[in-house]
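1. here is a sequence together with a model predicted from it:
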Amino acid sequence: MEKFNRLEGLVAPLDRVNVDTDAIIPKQFLKSIKRSGFGPNLFDEWRYMDVGQPGQDCSARPKNPNFVLNQERYRGASILLSRKNFGCGSSREHAPWALLDYGFRVILAESFADIFFSNCFKNGVLPIVLPANEIEALFQLVNVTPGFKLTVDLSAQTVVCPDGHTIPFAVDPFRKECLINGWDDIGLTLRHADKIGEYEERRRAEQPWLFA
Amino acid sequence: MANNLYEKLWQSHVVHEESDGTALIYIDRHLVHEVTSPQAFEGLKLAGRKPWRVSSIVATADHNTPTNHWDRGIEDPVSRLQVETLDANIRETGALAYFPFKDRRQGVIHVIGPENGATLPGMTVVCGDSHTSTHGAFGCMALGIGTSEVEHVMATQCLLQKKSKTLLVRVDGALGKGVSAKDIALAVIGRIGTAGGTGYAIEFGGSAIRALSMEGRMTLCNMAIEAGARMGFVAVDDVTINYLKGRPFAPTGAQWDAAVAYWRTLHSDEGARFDRVVELRGADIRPQVTWGTSPEMVVSINDTVPDPAKESDPVRREAIERALQYMGLNPNMPISSIKVDKIFIGSCTNSRIEDLRAAATVLKGRRIAANVKLALAVPGSGLVKEQAEREGLDRIFIDAGFEWRMPGCSMCLAMNADRLEPGERCASTSNRNFEGRQGAGSRTHLVSPAMAAAAAVAGHFADVRELL
């Protein structure tokens, strides 16, 4: 997993509630057996005027001029700002894969769906929950400030505005450590292999029907 | 100390706990399908790791498989490659059971687990699919996971978890005629919202829940994720135990007796506490129809489409306006005036035998309306299909003008050829009405099987209670 510690990045606003995983990456692209290459199809139905197909060259497809990521001022954005319940819907990890492949490393929202939230951390994407008033203020700032950037510091657990206004955020200590170090959590879990084995043997004796 | 069901399930599966509360939870059953597993198998291979306990795996191909012309195989080469990749991975790795494309017992993963007795009370069940919450109907801790977690469970037989908060949804009293588990689920989501259950494990209790069959309980727990909760469950009782007896992977003889004695402890103790309680009266729940692009955008069949002008919160007002525009609906129009183009009866939510019976009861002796272009009945599994055919339900569907298809996820998410064309409107028994869910530009209205049948017959949404 790619490490994450500190990022100064351009912010793109996606002003919607309940942005679901079908919108983030539509189902036809889930047929891929790879982890990479989903970026061109991120928000496919909102981004393009035609219906996308897997394996297609997206550079020549007609773009929806009204969709925020197609606006020149948000080109190269690495921080996505959205509203409540971001990432609701399916468990598809293709959603954070697509966001990451496009270039987003941080998602700021008022709340996230549980599975999506957890999937982000496994892929070097940092989802940050901020209070409603801060999210609202950020939307207003982004809208009136061309080239609006934020600095996200995971070690310090802060989001810093260009004027120095600092918004603290909470993050699970274990997930933070994994993200800062780029750790593979399977390797970490396997340090407890003996304990897993012991638990399994005890359970096999107590509830043998589970091991039939 | 009085424990709730979630606490019992949690405590019995903790292998190791860190000081910050992050725990290693042992996983008893791992359900695998073709869409979310290839990258996990590949990751395992690249790291030179072996699966920890192959006999925990039950697998099937369901999302990409066609529901007709099985003789032609899977015609879409991209879909075919994904299914063949699962075939190859399971061949190499092994599994307790694999029901590949065209197998007699193939079907939607959340239908075949329970019907084969591979989902048992007290288990932890995971699958790379958000609707894994379905299995909570058996008093399981069942949750959807991402592909990295699929790989983690394969390699370690454990999942890293933090304890959830608990929400008791209590529904008391009898349900009215024509009102089903799907209507309870949609009414709950309408009440608490699609993020209302985020961070919670939901226990469904109360006399209306106790009165549901296992099929109904699966429908309800299936939709827990649409309320934002990764898990939903129902306590074990005679209904659970009677359902499981004699299923292929259920224990037998002395082990059955020992298992049943344990299963009977899987309920919240008297006086157990929950972080939050939501109560509904069964008699108040009417047949539900979603009108928008989120399952929380739901009203009853007797209601009208909401008017954004009456919404004071600007973010919500804009969401309503956007949804109405996408759905092609006007404020204040009666739900019963909305005409439908297609009907879909199926999905991990509503494709079990009881669902097909409920729809067939409405369709018997009737025909689909002239404006309905296509009506699909897609049984959840080969076994459900056989059972329905033994009962003659296939004839009722076909005589009414439905197509009687082969099992699979089908038009719920439209990964195979079953989909809506842009702008088409569907009465669907599935679980998500998101933009584009049933095909680009598709317009989905979530309903129960009986309400889908009523819409098929009327050509527009109709109160099924008047047809019974």
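-> Cool, the structure landed.
2. count of neighbours near the residue lying closest to B:Ile396 once chain neighbours are set aside?
-> Spatial nearest neighbour of B:Ile396, chain neighbours left out: B:Ala360 (4.4 Å); criterion: C-beta to C-beta, 6 or more residues apart in numbering or on different chains. Placement of C-beta: from N, CA and C, glycine included. If you count neighbours by other C-beta atoms under 10 Å in any protein chain shown, B:Ala360 ends up with 24.
3. in this structure B:Ala360 contacts B:Leu393, no?
-> Yes - at 4.6 Å, B:Ala360 and B:Leu393 qualify as touching, with contact defined as C-beta atoms under 8 Å.
4. quick revisit: how far away is the residue nearest to B:Ile396 from chain A?
-> To chain A, B:Ala360 is 29 Å away according to C-beta to the nearest C-beta, to the nearest Å.
5. residues in contact with that residue?
-> B:Leu393, B:Ile396, B:Phe397, B:Ala453 (C-beta atoms under 8 Å, 6 or more residues apart in numbering or on different chains).
6. reformat the residues you listed as a markdown table; add secondary structure.
-> Listed next are the contacts of B:Ala360 as a markdown table, based on DSSP: H, G, I helix; E, B strand; the rest coil:
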| residue | secondary structure |
| --- | --- |
| B:Leu393 | helix |
| B:Ile396 | helix |
| B:Phe397 | helix |
| B:Ala453 | helix |
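7. quick check: domain ranges of chain B?
-> Per the record, chain B has its domains at B:5-162, B:165-236+B:268-284, B:288-466, by automatic domain parsing.
8. to A:Trp209, which of those lies closest?
-> Nearest to A:Trp209 among these is domain B:5-162 (7.1 Å), distances taken as C-beta to C-beta.
9. can you list the buried residues in the strand ranked longest in chain B?
-> Counting residues, the longest strand found in chain B (DSSP state E) is strand B:165-172. By 16 or more other C-beta atoms under 10 Å in any protein chain shown, the buried positions in strand B:165-172 come out as B:Thr166, B:Leu167, B:Leu168, B:Val169, B:Arg170, B:Val171.
10. so which elements touch the helix or strand A:Leu80 falls within?
-> Element membership for A:Leu80, per DSSP states H and E: strand A:79-81. Contacts defined by 3 or more C-beta pairs under 8 Å, 6 or more residues apart in numbering or on different chains; DSSP states H and E place strand A:79-81 against strand A:6-13, strand A:106-109, helix A:132-144.
11. could you pull up phi and psi at B:Phe138?
-> Dihedral angles of B:Phe138 (phi, psi; degrees, to the nearest 10) stand at phi -100, psi 20.
12. show me what contacts it?
-> B:Pro114, B:Thr119, B:Leu120, B:Pro121, B:Met123, B:Met214, B:Phe233, B:Val234, B:Val236, B:Thr240, B:Leu244.
13. please redo it, this time with the cut-off set to 7 Å
-> If a contact means C-beta atoms under 7 Å, 6 or more residues apart in numbering or on different chains, then B:Phe138 has B:Pro114, B:Thr119, B:Leu120, B:Pro121, B:Thr240 as its contacts.
14. can you tell me how far it sits from B:Glu421?
-> 38 Å (C-beta to C-beta, to the nearest Å).
15. equivalent analysis for A:Tyr199, please.
-> Relative to B:Glu421, and taking C-beta to C-beta, A:Tyr199 is found at 52 Å.
16. which of the two has more neighbours?
-> Shown here are A:Tyr199 and B:Glu421; by other C-beta under 10 Å, A:Tyr199 has more neighbours (19 against 13).
17. any idea of the pLDDT on the closest residue in space to that one that isn't next to it in sequence?
-> Spatially, and ignoring its direct neighbours in sequence, A:Tyr199 is nearest to B:Val15 (4.5 Å; C-beta to C-beta, 6+ apart). On pLDDT, B:Val15 comes in at 98.
18. likewise for B:Ser19?
-> At B:Ser19, the pLDDT value in this model is 89.
19. count the neighbours of the closest residue to A:Asp184 other than its chain neighbours for me.
-> Excluding the flanking residues, the one nearest A:Asp184 by C-beta to C-beta, 6+ apart is A:Met1, at 6.5 Å. A total of 16 residues lie near A:Met1 under the criterion other C-beta under 10 Å.
20. kindly report the same for B:Leu175.
-> Count around B:Leu175 with other C-beta under 10 Å applied: 20.
21. start to end distance for stretch B:368-381?
-> 24 Å (C-alpha to C-alpha, to the nearest Å).
22. ditto for stretch B:256-275
-> End-to-end for stretch B:256-275, by C-alpha to C-alpha: 34 Å.
23. would that stretch count as contacting chain A?
-> Yes - applying C-beta under 7 Å from any C-beta of the partner chain, one finds stretch B:256-275 touching chain A at B:Ala259, B:Tyr262.
24. buried residues in that stretch?
-> For stretch B:256-275, by 16+ other C-beta under 10 Å, it's B:Trp256, B:Ala259, B:Val260, B:Tyr262, B:Trp263, B:Arg264, B:Thr265, B:Leu266, B:His267, B:Ser268, B:Ala272, B:Phe274.
25. got it, and stretch B:181-194?
-> B:181-190, B:192-194.
26. keeping just the C-alphas, turn it into PDB.
-> What follows is stretch B:181-194, C-alpha atoms only, in PDB (Å, rounded to 0.1, in the frame of the first residue of the first chain):
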ATOM      1  CA  ALA B 181     -40.700  -8.000   5.100                       C
ATOM      2  CA  LYS B 182     -39.700  -5.700   2.200                       C
ATOM      3  CA  ASP B 183     -42.200  -3.100   3.300                       C
ATOM      4  CA  ILE B 184     -40.900  -3.300   6.900                       C
ATOM      5  CA  ALA B 185     -37.300  -2.800   5.500                       C
ATOM      6  CA  LEU B 186     -38.300   0.200   3.400                       C
ATOM      7  CA  ALA B 187     -40.400   1.700   6.100                       C
ATOM      8  CA  VAL B 188     -37.400   1.400   8.500                       C
ATOM      9  CA  ILE B 189     -35.100   3.000   6.000                       C
ATOM     10  CA  GLY B 190     -37.600   5.800   5.400                       C
ATOM     11  CA  ARG B 191     -37.700   6.400   9.100                       C
ATOM     12  CA  ILE B 192     -33.900   6.400   9.900                       C
ATOM     13  CA  GLY B 193     -32.400   7.200   6.500                       C
ATOM     14  CA  THR B 194     -29.700   5.500   4.500                       C
END
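27. quick one: contacts of it?
-> So stretch B:181-194 is contacted by A:18, A:85, A:88, B:169, B:171, B:208, B:212, B:216-217, B:219-220, B:223, B:226-228, B:278, B:280, B:285, B:287-288, B:290, B:294-296, B:298, B:349-350, B:446, B:448 (C-beta under 7 Å, 6+ apart).
28. picking up where we left off before, list the residues that contact the residue nearest to A:Asp184.
-> A:Lys122, A:Asn123, A:Gly124, A:Gly182, A:Asp184.
29. list only those of those residues flagged as buried.
-> If we count by 16+ other C-beta under 10 Å, the contacts of A:Met1 have these buried: A:Lys122, A:Asn123, A:Gly124, A:Asp184.
30. thanks a lot, see you next time.
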